[in-house]
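Undergrad: how would this look folded up:
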Amino acid sequence: MRTGPPSQENRTFAASASRLSGTVSAVLGWTPDQFWRATPAELATIFSTFADNMAGLSGELPLGTAQLEKLKEVFPDG
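TA: Residues are numbered from 1 along each chain as shown. Next up is the predicted model:
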């Protein structure tokens, strides 16, 4: 898993939108159409709510990819 800021070639609008769309799809289950219809203010509100809730956790980190995949196996949505 890559950490840190995006490389120079990945700082384009298209690359940033692709990363954000993937995040929104994974976290919220949104379709691409739902993502593109959302306003920047709506996305900011959603992510600030997540950030506020994460700040309240006692040192716990968000789920990693492996943990998320395991939960998907245990609790399939159909």
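Undergrad: center of the chain, which residue is that?
TA: residue 23 (2.8 Å; C-alpha atoms, centre = their mean).
Undergrad: who's in contact with the helix or strand containing it?
TA: Residue 23 belongs to helix 13-28 when assigned by DSSP states H and E. Here helix 13-28 makes contact (C-beta atoms under 8 Å, 6 or more residues apart in numbering) with 6, 9-10, 30-32, 34-36, 38, 43, 46, 50, 68. Just so you know, the C-beta spots here come from the backbone N, C-alpha and C atoms, and that holds for glycine as well.
Undergrad: immediately after it, which helix or strand?
TA: Once the chain leaves helix 13-28, the next helix or strand it forms, by DSSP H and E, is helix 32-37.
Undergrad: what comes into contact with the lowest-mean-pLDDT helix or strand in the chain?
TA: Ranked by mean pLDDT, DSSP states H and E, the weakest helix or strand in the chain is helix 40-55, scoring a mean of 82. The contact list for helix 40-55 (C-beta under 8 Å, 6+ apart) reads 20, 24, 27, 28, 62.
Undergrad: and residue 77, which of the three is it?
TA: coil (DSSP: H, G, I helix; E, B strand; the rest coil).
Undergrad: Let me have the contacts of helix 13-28 in CSV, adding distance to residue 77 as columns.
TA: As requested, the contacts of helix 13-28 are exported to CSV (distance: C-beta to C-beta, whole Å):
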residue, distance to residue 77
6, 31
9, 35
10, 31
30, 14
31, 14
32, 18
34, 16
35, 19
36, 23
38, 21
43, 23
46, 20
50, 20
68, 13
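Undergrad: Select only the buried ones of those in PyMOL?
TA: Those of those that count as buried under 16 or more other C-beta atoms under 10 Å are selected in PyMOL with:
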select buried, resi 30+35+38
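Undergrad: could you give the mean pLDDT of stretch 64-74?
TA: Summarised as a single mean, pLDDT over stretch 64-74 is 85.
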